[in-house]
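Q: model this:
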Amino acid sequence: MALTEKQEALVKESWEILKQNVPEYSIRLFLRMMEVAPQAKNMFSFLRDSDEIPQNNPKLQAHAMKVFKLTCESVVQLRECGAIAIAGSAMKHLGSVHLRIGVTGRDFDVVRDVLLRTIEEAVGEKWSEEMEGAWGEGYDELTAAIQAEMKDEAAPTAK
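A: The predicted model follows:
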């Protein structure tokens with residue numbers, strides 16, 4: 001389901017603000033995620049056995065930026081494309097990786113909540129219920145696509 005024209009405008013307006021400091025917002029997203037769900041640290045090989053402060057970990061910084069940009073850019077293009085537009089092989093990879101590390105629906109919900117709080121903080125007074133709804137809907141579309149790939153990956157192959 002694509003975003004409405006108004007939702008698209010709200011997402012694009014807020015993305016312009018977020019793009020001004022992707023490194024900062026992406027690391028905030030991941031730090032919040034680990035505050036809310038400390039067990040998430042174990043899903044990341046580069047954090048699992050580390051006592052290092054996560055925001056100082058260069059691999060986390062790179063991963064956080066990649067995930068944050070992919071998530072935001074997927075939502076931004078949703079109306080234009082009518083669906084999440086991630087190339088098939090990349091989407092299959094996302095499904096496979098999320099399945100392998102044991103990501104659950106609850107984990108996706110945690111990320112949804114911290115993503116929305118991160119965007120709210122970034123846009124300040126521009127934040128509204130409509131903006132929250134637009135980002136939430138876009139994020140839900142992305143996670144539905146990833147979860148569909150996870151389900152396909154987990155399904156036994158027909159002989």
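
Q: low-confidence stretches in the chain?
A: Along the chain, segments meeting pLDDT under 70 span 1, 52-53, 81-89, 156-159.

Q: now do the helices in it.
A: Listed in chain order, the helices of the chain (DSSP state H) span 5-18, 22-36, 45-48, 58-76, 78-81, 88-100, 105-123, 129-154.

Q: and the closest residue to Val110 other than its chain neighbours, how many neighbours does it have?
A: Nearest in space to Val110, with sequence neighbours left out and distances taken as C-beta to C-beta, 6 or more residues apart in numbering, is Ala37 at 4.8 Å. Quick note: C-beta positions are derived from backbone N, CA and C, even for glycine. When neighbours are counted by other C-beta atoms under 10 Å, Ala37 registers 17.

Q: again with Asn42
A: Neighbourhood size, Asn42 [other C-beta under 10 Å]: 12.

Q: tell me who's in contact with it.
A: Arg48 (C-beta atoms under 8 Å, 6 or more residues apart in numbering).

Q: and what of Pro23?
A: Counting by C-beta under 8 Å, 6+ apart, Pro23 has contacts 61, 65.

Q: and Ala9, what does it touch?
A: Per C-beta under 8 Å, 6+ apart, neighbours of Ala9: none.

Q: quick check: phi and psi at the residue nearest to Val110.
A: Backbone torsions of Ala37, given as degrees, to the nearest 10, read phi -130, psi 80.

Q: so which bits of stretch 36-56 are buried?
A: Within stretch 36-56, the residues that count as buried by 16 or more other C-beta atoms under 10 Å are 37, 40-41, 43-44, 47, 54.

Q: out of those, the closest to Val22 would be?
A: Relative to Val22, the closest of these is Pro54; by C-beta to C-beta it sits at 17.3 Å.

Q: if we can go back for a sec, save the buried residues of stretch 36-56 as a markdown table, and put in distance to Met131 too.
A: Formatted as a markdown table, the buried residues of stretch 36-56 follow (distance: C-beta to C-beta, whole Å):
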| residue | distance to Met131 |
| --- | --- |
| Ala37 | 24 |
| Ala40 | 26 |
| Lys41 | 30 |
| Met43 | 29 |
| Phe44 | 29 |
| Leu47 | 31 |
| Pro54 | 28 |
